[in-house]
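Asks: Predicted coordinates and the sequence they were generated for:
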Amino acid sequence: MIGFFAAIFAVLSWTFACSIWRRESENLLPRQINIYKNVLASIFFLPVVLTISWFSDAFSIFILMISGIVGISIGDTLYINSLKIIGTRKTLSFEALTPIIATALGALSLNEIYPQKVWIGSLIVSFSLLMIVRQNTFPKNDSRDINILGISCALGSVFCAVLAALMSRFIFISSTLTPLQTTEIRLLSSSIFLSLIFKKDFLDLFKNRSLTKQNHLSLILSTLLGTNFGILSQQIVFKFLPIGIAWTLLSLSPVCALFISKREDDEINNLTIFYSFLSFIGVAFALI
């Protein structure tokens, strides 16, 4: 049950944070938002570094650093770019691919054995979310090239997220590191990587005078929810649940995104609502 409730909290916090990041992408580049949230989040959890055995857990830490770079540095930058281009609900809907991909890769790489109902539940969720994507709700004034770019970023972020999740699950199986420790290691490696690769963007954050107090408060709130507590909750899910079941649960974000769609001028039709709740049924089927 710990894994289940952690997944629900992760979904809610991530969906809410995504809505803020999309709005703030009008003032900052996607990679600047990613730098901002990761550096701030790693500072919030900085005392945790004193509890980590950096030498005895060196191999596990190295794997987690790669996981942070792939999943948070690259994956989240692509994700926020997709949020800016095609919106929160459509970006979250591309998580349709994660349940079945994660279930298959978990079985192949981590030797996790899933009962038949988990495969069926994952397929139901994937099918439901893919049908949401097929709904013709993209704004008519968006060009085909823009939509393709947004979709490409969303798909890229999905593959980065699944790969990073597999690394995290492997570490939980093979080491004694806690979810809080793995969260901080991933955030630190991501922050350092982004700050070095995009040094100019990192420095420009301090010179950006267009950011108001309200912008900073929104970014701080979204960082606490979506990055600190969101990633921590996600790590708890990966610790207590097999990767396939974990991602099936975490893929419920599009259902939550329905509640913020009007704020983003995102059209919702009856089929979208039907398939969104069908995905929830698929999750329930996998867990019962």
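Replies: Noted; the coordinates are in hand.
Asks: Can you name the residues that contact Glu82?
Replies: Rather than Glu, residue 82 is Ser. 91, 94, 150-151, 153-154, 157 (CB atoms under 8 Å, 6 or more residues apart in numbering). All C-beta atoms are positioned from the backbone trio N, CA, C, and that covers glycine.
Asks: So for those residues, which is the shakiest by pLDDT?
Replies: Checked by pLDDT, these have Phe94 as the lowest-scoring entry (72).
Asks: So for that one, what's the nearest residue that isn't a sequence neighbour?
Replies: In space, and not counting its chain neighbours, Phe94 is closest to Ala154: 3.9 Å by CB to CB, 6 or more residues apart in numbering.
Asks: Would you confirm that that neighbour contacts Tyr79?
Replies: Yes: Ala154 is in contact with Tyr79 according to CB atoms under 8 Å; the separation is 7.3 Å.
Asks: Please verify my assumption that Phe240 contacts Ala7.
Replies: No: taking contacts as CB under 8 Å, Phe240 lies outside contact range of Ala7: 9.4 Å.
Asks: The two: which is more packed in?
Replies: Taking neighbours as other CB atoms under 10 Å, Phe240 and Ala7 compare with Ala7 leading, 26 against 17.
Asks: and that one, what is it in contact with?
Replies: By CB under 8 Å, 6+ apart, the contact list for Ala7 reads 233-234, 237, 241, 246, 249-250, 252.
Asks: List the backbone torsions phi and psi for Gln123.
Replies: For the record, residue 123 is Leu, not Gln. phi -70, psi -40 (degrees, to the nearest 10).
Asks: whoops, Pro115 was the one
Replies: phi -70, psi 160.
Asks: Let me know the pLDDT of it.
Replies: Looking at Pro115, the pLDDT reads 82.
Asks: cool, and Pro254?
Replies: pLDDT at Pro254 comes out at 64.
Asks: Also the one 10 residues further on?
Replies: According to the per-residue confidence, Glu264 scores 57 in pLDDT.
Asks: what residues do Ala154 and Tyr79 have in common as contacts?
Replies: Common neighbours of Ala154 and Tyr79 (CB under 8 Å, 6+ apart) are Thr91.
Asks: Between those two, tell me which one has more neighbours.
Replies: Shown here are Ala154 and Tyr79; by other CB under 10 Å, Tyr79 has more neighbours (27 against 24).
Asks: which residues sit in contact with the more buried one?
Replies: Residues in contact with Tyr79 (CB under 8 Å, 6+ apart) are 18, 91, 153-154, 157, 161.
Asks: go again using 10 Å as the cut-off
Replies: Going by CB atoms under 10 Å, 6 or more residues apart in numbering, Tyr79 touches 14, 18, 21, 30, 34, 71-72, 91-92, 94, 153-154, 156-158, 160-161.
Asks: How about Ile69?
Replies: 75, 160, 164, 186, 189-190, 192-194, 197.
Asks: quick one: which of those has the most company?
Replies: Of all the contacts of Ile69, Ser190 has the most neighbours under the rule other CB under 10 Å, reaching 32 neighbours.
Asks: what helix or strand does it sit in?
Replies: Using DSSP states H and E, Ser190 sits within helix 179-197.
Asks: Asp201: neighbouring residues, count only.
Replies: For Asp201, the count of nearby residues is 17 (other CB under 10 Å).
Asks: Any stretches of this protein with poor pLDDT?
Replies: Within the chain, the ranges that satisfy pLDDT under 70 run 88-89, 92-93, 95-96, 132-146, 254-268, 287-288.
Asks: what about the longest helix in it?
Replies: Secondary structure assigned by DSSP state H gives helix 144-174 as the longest helix of the chain.
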